[in-house]
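Sequence and computational prediction follow.
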Amino acid sequence: METSDSTQKATDAKGWIIIAAVVLAATPFVLLGRKDTPATPAGPSTADMAWIPGGEFTMGTDKADEKHAEEAPAHAVVIK
């Protein structure tokens, strides 16, 4: 009877180890997914300004006419 009892305990332990490993592996993704809004900058807040998070955008155009030649060429700009 000891063999089946120890086998059952080993099976239960393996199950708990697998559950713990899955929880530990998933935790960083859950925490990163909860980040809803970008962090606001530290410092004094101003009433007439709005926080705009950084990102990447295309500045300029590839279809500029002579009047707006300074807008060409289009290029990617990254704001931190």
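Done, it's in. Numbering: from 1, shown residues only.

which phi and psi does the residue nearest the centre of the chain have?
In the chain, the residue lying closest to the centroid (CA atoms, centre = their mean) is residue 32, at 5.5 Å. Torsion angles at residue 32 (phi, psi; degrees, to the nearest 10) stand at phi -70, psi -30.

Residue 55 now?
Per-residue torsions, residue 55: phi 170, psi -170 (degrees, to the nearest 10).

next one: residue 58
phi -100, psi 120.

quick check, residue 67 in a helix?
Yes. Counting by DSSP: H, G, I helix; E, B strand; the rest coil, residue 67 is part of a helix.

Next one, pLDDT for the residue nearest to the centre of the chain please.
The model reports residue 32 with a pLDDT of 78.

Please apply the same query to residue 38.
For residue 38, the model assigns a pLDDT of 61.

residues in contact with stretch 47-66?
Contacts with stretch 47-66, where a contact means CB atoms under 8 Å, 6 or more residues apart in numbering, come from 38, 40-41, 68, 70-80. From N, CA and C alone the C-beta is placed, and that goes for glycine too.

Endpoint to endpoint, it covers what distance?
Counting by CA to CA, to the nearest Å, you get 40 Å between the two ends of stretch 47-66.

Could you check how far that stretch is from the centre of its chain?
With CA atoms, centre = their mean, to the nearest Å as the basis, stretch 47-66 stands 22 Å off its chain's centre.

Can you classify residue 73 by secondary structure?
Residue 73 ends up coil, using three-state DSSP.

how about the closest residue to it other than its chain neighbours, secondary structure?
If the residues on either side of it in the chain are set aside, residue 73 comes closest to residue 62, at 5.7 Å by CB to CB, 6 or more residues apart in numbering. State at residue 62, reduced to three classes by three-state DSSP: coil.
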